[in-house]
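# Everything below, folded, please.
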Amino acid sequence: MKNFAFDRVNFILLAIGMAAVVLGFILMAGSGSNEHEFNPEIFSALRIRVAPLVCFAGFAFIIYGIMHRPKDKVKEVNS
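Numbering: from 1, shown residues only. Model (predicted):
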């Protein structure tokens, strides 16, 4: 049996992190202002505070997913 660097848990963690990043970018998106009309929604708390935090959490989750060691490999290394 081949030993891969990632197992199923790593891929699940990476998928959750990617979904969080995509959700954060979707929350940041929306209509903006143009030269004829001002849209105050560009300064909403959702776009300025919540969406970047969701993206940051997603990137942190991706890093954790990459760094997470499968339990079987931890036992093999320590034995």
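# what sits against the residue positioned nearest the centre of the chain?
By CA atoms, centre = their mean, the mean C-alpha position of the chain lies nearest to G58, the distance being 1.9 Å. Contacts were defined as CB atoms under 8 Å, 6 or more residues apart in numbering; by that measure G58 touches G17, M18, A19, A20, V21, V22, L23, G24. Just so you know, the C-beta spots here come from the backbone N, C-alpha and C atoms, and that holds for glycine as well.
# name the element it belongs to?
In this structure, G58 sits in helix 51-67 according to DSSP states H and E.
# May I have that helix as PDB, with CA atoms only?
Below are the C-alpha coordinates for helix 51-67, written out as PDB (Å, rounded to 0.1, in the frame of the first residue of the first chain):
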ATOM      1  CA  ALA A  51     -16.400  38.900   4.900                       C
ATOM      2  CA  PRO A  52     -12.700  39.400   5.500                       C
ATOM      3  CA  LEU A  53     -12.900  37.500   8.800                       C
ATOM      4  CA  VAL A  54     -14.600  34.600   7.000                       C
ATOM      5  CA  CYS A  55     -11.900  34.600   4.300                       C
ATOM      6  CA  PHE A  56      -9.100  34.700   7.000                       C
ATOM      7  CA  ALA A  57     -10.700  31.800   8.800                       C
ATOM      8  CA  GLY A  58     -10.900  29.900   5.600                       C
ATOM      9  CA  PHE A  59      -7.300  30.400   4.800                       C
ATOM     10  CA  ALA A  60      -6.300  29.400   8.400                       C
ATOM     11  CA  PHE A  61      -8.500  26.200   8.000                       C
ATOM     12  CA  ILE A  62      -6.700  25.500   4.700                       C
ATOM     13  CA  ILE A  63      -3.300  25.800   6.400                       C
ATOM     14  CA  TYR A  64      -4.500  23.500   9.200                       C
ATOM     15  CA  GLY A  65      -5.700  21.000   6.600                       C
ATOM     16  CA  ILE A  66      -2.300  21.000   5.000                       C
ATOM     17  CA  MET A  67      -0.400  20.700   8.300                       C
END
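# If anything else comes up later, I'll come back, but that's it for now.
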